[in-house]
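Chemist: take this sequence and fold it.
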Amino acid sequence: MKAIVIGGGVIGLCSAYYLRKSGWDVTVLDNSEVNTNCSYGNLGMIVPSHFVPLASPGIVAQGLRWMLNSKSPFYVRPSFDLNLISWGLKFIKNATAQNVEKAAMPLLQFNLYSKNLFSELNKQPGFDFALENKGILMYYKTEKVAEEESHLAERARQMGVDAAVLNKQQLQELEPETELDVLGAVHYRCDAHLYPNKLMPQLLHYLKTSGVDVQTDNPVKDIISENGRIKKVISSKGEYAADVFVLASGAWLSRLAKLIHLDIPLMAGKGYTLTYDQPQKKLNVPAILCEARVAITPMNGHMRYGGTMEIGAPNKKINLNRVEGIVESVSRYFPDIKLDVPEQKDIWYGFRPCSPDGMPYIGRSSKINNLFIAGGHSMMGLSLGPATGKIIADLANDQKTEVDIKAFDPERYS
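Modeler: This next block holds a predicted model:
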């Protein structure tokens, strides 16, 4: 049986991995060099703690205030793009307490399942991607955010999540080498992290040596369907037929879905990361700076800092104001960590695929019966990679999935 996976990010490669493990003949088509996609430059966080979707109460009002600040962490680039307008209206409609409550348990269970799969994968021959189970610290500086994070931690504990509210003294014991200027933090001990720059090459090496045909710089131009089935895809390098097709094309998912008349609303959320190979100061535990919306991960001897969510069509422009916003925020929490803004060539950026309700699209199409959709993971793409790939393989093999995926219906807007 033959499978075509469109997309060479972590979602596509994990889908190819589990399909190949279960006996499928797999080809992966990607529109760029694989090592340039979003999965390489991210923060490497595995986040059961992230059970609140991007579309949540307060984010719209906060986003409007942030739009006046060129260094703000969240920004919707003004445009007359009808896709952006449509996405924005759906986002506003979904930014409710009801959406958060409905999303919480499916996101938590899916992330926990994926974390377990990461642990299994890291034990396989040829895999060692610096997986560490130190949790994540959610730092805050203001009383308002302290109250919000404490409330969220209590909700997490009610859901069975290992979360503890720590004061500054307790945090200083975890980070004795770093000066802290914070009120406190929530320690989500359920979380973990890894080094994406090891994971992705190891996945790629396994696929290539196990017979998977991974084709880069080979963008899909058209998808031909007939009588409710895809017959073939046409790329810049040829035509490809298969028994099943997996659409895992990240920020380009919506555009490709339109080729087969599927409405999967999605916008790219541009983010930046900065990696310092020989940092003067290293944190012990990955961190998220709540007010600044900046994430920090110690990984494999390096320190990686990342942030911003700029909603709009993908572009190659580096907005130095947003990069400066990341750099300047760090010393407000850690006064003895002084970062320089890197040269442009050392600034990485990628496009997170954001659905308007903050939930991924995962499942079999009800309209194209040999199509599987895997995308829209926003900031949780790496975290949910193995779980998504395993579920795609289970569905392709007509097997029962380990977790309920009804909340991730890929055609919920069709």
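Chemist: when you work out contacts or count neighbours from here on, use the C-alpha atoms and nothing else.
Modeler: Fine.
Chemist: after the helix or strand bottoming out on mean pLDDT in the chain comes which helix or strand?
Modeler: Least confident element among the helices and strands of the chain, by mean pLDDT, DSSP states H and E: helix 59-66 (a mean of 70). The C-terminal neighbour of helix 59-66 among helices and strands, as given by DSSP states H and E, is strand 74-76.
Chemist: tell me which other helices or strands that next one touches.
Modeler: Using 3 or more Cα pairs under 8 Å, 6 or more residues apart in numbering; DSSP states H and E as the contact criterion, the elements in contact with strand 74-76 are helix 59-66, strand 302-312.
Chemist: and these as CSV, adding distance to R322 and mean neighbour count?
Modeler: Shown next, in CSV, are the helices and strands packed on strand 74-76 (distance: least, Cα to Cα, whole Å; neighbours: other Cα atoms under 10 Å):
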stretch, distance to R322, mean neighbour count
helix 59-66, 12, 14
strand 302-312, 7, 22
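Chemist: can you lay out those as CSV showing distance to S331?
Modeler: Shown next, in CSV, are the helices and strands packed on strand 74-76 (distance: least, Cα to Cα, whole Å):
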stretch, distance to S331
helix 59-66, 20
strand 302-312, 12
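Chemist: among those, which is nearest S254?
Modeler: strand 302-312 (13.1 Å; Cα to Cα).
Chemist: that closest one: partners in the sheet, and parallel or antiparallel?
Modeler: strand 74-76 (parallel), strand 267-276 (antiparallel), strand 294-299 (antiparallel) (DSSP bridges).
Chemist: distance from that strand to the middle of the chain?
Modeler: Relative to its chain's centre, strand 302-312 lies at 11 Å (Cα atoms, centre = their mean, to the nearest Å).
Chemist: now the element after that strand, going C-ward?
Modeler: helix 320-333.
Chemist: other SSEs contacting whichever helix or strand comes after that following helix?
Modeler: Proceeding N to C from helix 320-333, the next assigned helix or strand is strand 347-354, under DSSP H and E. If you count contacts as 3+ Cα pairs under 8 Å, 6+ apart, strand 347-354 packs onto helix 38-41, strand 267-276.
Chemist: using JSON lines, lay out those together with mean neighbour count and distance to L384.
Modeler: Output for the helices and strands packed on strand 347-354, formatted as JSON lines (neighbours: other Cα atoms under 10 Å; distance: least, Cα to Cα, whole Å):
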{"stretch": "helix 38-41", "mean neighbour count": "24", "distance to L384": "11"}
{"stretch": "strand 267-276", "mean neighbour count": "24", "distance to L384": "17"}
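Chemist: could I get these as CSV with mean pLDDT?
Modeler: Putting these into CSV (pLDDT from 0 to 100) gives the following:
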stretch, mean pLDDT
helix 38-41, 75
strand 267-276, 94
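Chemist: ok, which of those comes nearest A387?
Modeler: Checked against Cα to Cα, the stretch from the helices and strands packed on strand 347-354 lying closest is helix 38-41, at 15.2 Å.
Chemist: so how far is that closest one off the chain centroid?
Modeler: With Cα atoms, centre = their mean, you get 9 Å for helix 38-41.
Chemist: again with stretch 138-145
Modeler: Computed by Cα atoms, centre = their mean, the separation of stretch 138-145 from the middle of its chain amounts to 24 Å.
Chemist: and stretch 379-393, by the same measure?
Modeler: 9 Å.
Chemist: go on, stretch 74-82?
Modeler: 21 Å.
Chemist: now the terminal residues of that stretch, how far apart.
Modeler: 20 Å (Cα to Cα, to the nearest Å).
Chemist: kindly report the same for stretch 334-353.
Modeler: 31 Å.
Chemist: what's the answer for stretch 356-371, then?
Modeler: 22 Å.
Chemist: pull out the buried positions in that stretch.
Modeler: Neighbour-count burial for stretch 356-371, with 16 or more other Cα atoms under 10 Å as criterion, is recorded at 356-365, 368, 370-371.
Chemist: H302 is in contact with Q280, isn't it?
Modeler: No - at 10.2 Å, H302 does not count as touching Q280 under the criterion of Cα atoms under 8 Å.
Chemist: would you reformat the strands paired with strand 302-312 as TSV and include distance to T209?
Modeler: Below are these laid out as TSV (distance: least, Cα to Cα, whole Å):
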stretch	distance to T209
strand 74-76	41
strand 267-276	30
strand 294-299	27
